[in-house]
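Engineer: Kindly generate the corresponding structure for this input.
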Amino acid sequence: MSATATKRIGFGTKLSSWDLKVSPYLYISPFFLLFVIVGLFPIGYTAVISFMNWDLVRGSGEFIGFDQYGWILSNPKFWIALRNTFSIFLLSSVPQLIVAIFIAALLDQNIRAKTFWRMGVLLPYVMAPVAVALIFSNMFGDQYGIVNTWLGNIGIEPVKWHSNAFASHIAIATMVNFRWTGYNTLILLAAMQAIPRDYYEAATVDGAGKARQFFSITLPSLRPTLIFVIITSTIGGLQIFDEPRMYDQYGTGGANSQWLTITLWLYNIGWGEWNFGRAAALAWILFLIILVIGLINLLVTKSLVRDEGSRSTMTRAQLRAAQRSAKADVARRRTAHNAATETREVIR
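Structural biologist: I've put the predicted structure just below:
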């Protein structure tokens with residue numbers, strides 16, 4: 001009896017050990033299965049098609065090597081689309097980041113109806129991209145647009161928002177900024193609220209103003225979050241499609257490719273010309289461009305963040321003692337500041 005009982009206990013212990021080791025992988029397996037089906041397989045399939053003269057009807061193609069890539073790189077439209085993509089990306093991402101930091105700093109203050117304002121900045125992000133593009137394309141109309149009407153009222157000549165390349169980039173970048181500024185604002189606001197308030201109290205006691213606290217405490221503490229926002233904005237900016245596609249009724253990037261982006265040209269090649277081999281090659285070129293920029297961002301991340309985010313070597317007890325010491329130091333400084341203030345008032 002005892003031997004049998006011992007075997008049962010041993011088997012149960014081994015089964016529990018297997019469950020402890022295997023169950024975590026089973027829990028996360030649905031994500032990886034879906035990722036393989038909808039992620040890795042399309043990427044691999046696109047890579048194969050990019051080396052072929054693909055026939056969509058027959059579902060087969062003739063292997064032609066790097067001819068599709070050569071055609072893309074030798075086509076002047078690729079370099080125009082690349083220029084337009086980076087121009088719109090810079091005109092949207094840089095102002096967007098500056099405005100998002102400014103709005104997040106305002107929302108981080110003790111203002112009335114904070115929840116209302118925080119929900120309000122996210123409202124443009126909830127709007128459908130097509131609706132935003134249609135509204136702004138009418139606002140930036142060449143003849144009857146609201147913007148040109150306002151400019152005419154103050155004596156400025158109407159801007160050719162559709163025929164001028166740089167003007168069209170500004171208009172499209174305005175759409176992107178309108179839609180994504182609130183999203184980045186909430187991310188930066190969450191990072192600001194994670195900054196310990198003791199830092200600001202100690203800075204106030206030392207006589208630092210709001211501007212000095214912002215540049216000396218807030219911005220350095222936001223480095224990891226800023227890098228995340230920059231990387232995601234870079235990836236999204238290089239893949240911009242909805243706004244250029246809906247900027248006019250044709251969706252081809254303008255008569256002279258004034259606002260043609262890489263993804264819009266990819267769409268026109270694939271679904272306009274039905275040449276999926278060239279579209280796949282262009283998709284992989286865009287992927288490599290994003291990969292290179294991502295590696296550059298990674299190097300910038302390492303140089304800026306350094307040891308931020310790494311685990312501390314202090315124990316929990318030591319951390320709690322350090323926090324208590326910091327709070328006591330802040331309390332002593334505050335008491336000394338108040339006493340000095342009272343002394344000055346008595347002397348006066």
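Engineer: C-alpha only now, for contacts and for neighbours.
Structural biologist: Will do.
Engineer: any idea where the strands of the stretch 151-300 of the chain begin and end?
Structural biologist: Secondary structure of the stretch 151-300 of the chain (DSSP state E, counting those that start in this stretch): no strands present.
Engineer: Not counting its neighbours along the chain, what's nearest P129?
Structural biologist: For P129, the nearest residue in space outside its immediate sequence neighbours is D242; the separation is 6.5 Å by CA to CA, 6 or more residues apart in numbering.
Engineer: Pull the number of nearby residues for the one you found.
Structural biologist: Residues near D242, counting by other CA atoms under 10 Å, number 18.
Engineer: so it sits right up against V132, yeah?
Structural biologist: No: at 9.5 Å, D242 and V132 do not qualify as touching, with contact defined as CA atoms under 8 Å.
Engineer: quick one on the thing from earlier: can you check the pLDDT for the residue nearest to P129?
Structural biologist: What the model reports as pLDDT for D242 is 86.
Engineer: cool, and G12?
Structural biologist: 59.
Engineer: ok, now R212?
Structural biologist: 84.
Engineer: how much space between it and Y267?
Structural biologist: Counting by CA to CA, to the nearest Å, the gap between R212 and Y267 amounts to 48 Å.
Engineer: So between the two, which is more surrounded?
Structural biologist: A count of neighbours by other CA under 10 Å puts Y267 above the other of R212 and Y267, at 20 against 13.
Engineer: which residues does the closest residue to that one other than its chain neighbours contact?
Structural biologist: Using CA to CA, 6+ apart and skipping the chain neighbours, the partner closest in space to Y267 is A279 (7.4 Å). The contact partners of A279, by CA atoms under 8 Å, 6 or more residues apart in numbering, come to 50, 266-267, 269-270.
Engineer: what's the answer for P129, then?
Structural biologist: P129 makes contact with 179, 242-243 under the criterion CA under 8 Å, 6+ apart.
Engineer: What is the nearest of these to V99?
Structural biologist: Using CA to CA, R179 is the member of the contacts of P129 that lies nearest V99, at 12.6 Å.
Engineer: thought A281 was touching D67?
Structural biologist: No: with contacts defined as CA under 8 Å, A281 does not count as touching D67, sitting 9.4 Å away.
Engineer: What is the neighbour count of the residue lying closest to I170 once chain neighbours are set aside?
Structural biologist: The shortest distance from I170 to any residue other than its chain neighbours is 6.7 Å, reached at L91 (CA to CA, 6+ apart). The burial count assigned to L91 is 20, neighbours taken as other CA under 10 Å.
Engineer: ok, L91 - contacts?
Structural biologist: Contacts were defined as CA under 8 Å, 6+ apart; by that measure L91 touches 169-170, 173.
Engineer: any idea which of these is closest to S74?
Structural biologist: H169 (24.1 Å).
Engineer: Run through the residues that contact that closest one.
Structural biologist: Neighbouring residues of H169 by CA under 8 Å, 6+ apart: 84, 87-88, 91, 259.
Engineer: What about the residues you listed, which one has the most neighbours?
Structural biologist: Neighbour count (other CA under 10 Å) singles out W259 as the most crowded of these, with 32 neighbours.
Engineer: roughly how far apart are that residue and P244?
Structural biologist: As it turns out, when the distance is counted by CA to CA, W259 lies 7 Å from P244.
Engineer: Mind listing the shared neighbours of these two?
Structural biologist: If you check W259 and P244 against CA under 8 Å, 6+ apart, the residues they both contact are G253.
Engineer: that older thread, let's test this: mean pLDDT of whichever helix or strand the residue nearest to I170 is part of, rounded?
Structural biologist: L91 is part of helix 76-107 when elements are defined by DSSP states H and E. Rounded to a whole number, the mean pLDDT of helix 76-107 is 91.
Engineer: how about the helix or strand following it: buried residues?
Structural biologist: Moving toward the C-terminus from helix 76-107, the next helix or strand (DSSP H and E) is helix 114-126. Within helix 114-126, the residues that qualify as buried are 118, 121-122, 124-125, counting by 16 or more other CA atoms under 10 Å.
Engineer: which outside residues touch helix 114-126?
Structural biologist: Here helix 114-126 makes contact (CA under 8 Å, 6+ apart) with 107, 178-183, 185-186.
Engineer: what about 10 Å?
Structural biologist: Contact partners of helix 114-126, identified using CA atoms under 10 Å, 6 or more residues apart in numbering, comprise 100, 103-104, 106-108, 111, 132, 175-186, 189.
Engineer: I'd assumed A81 was in contact with N256.
Structural biologist: No: with contact defined as CA atoms under 10 Å, N256 does not reach A81; the gap is 11.0 Å.
Engineer: Find the centremost residue of the protein, please.
Structural biologist: Of all residues in the chain, the one closest to the mean position by CA atoms, centre = their mean is T232, 2.8 Å from it.
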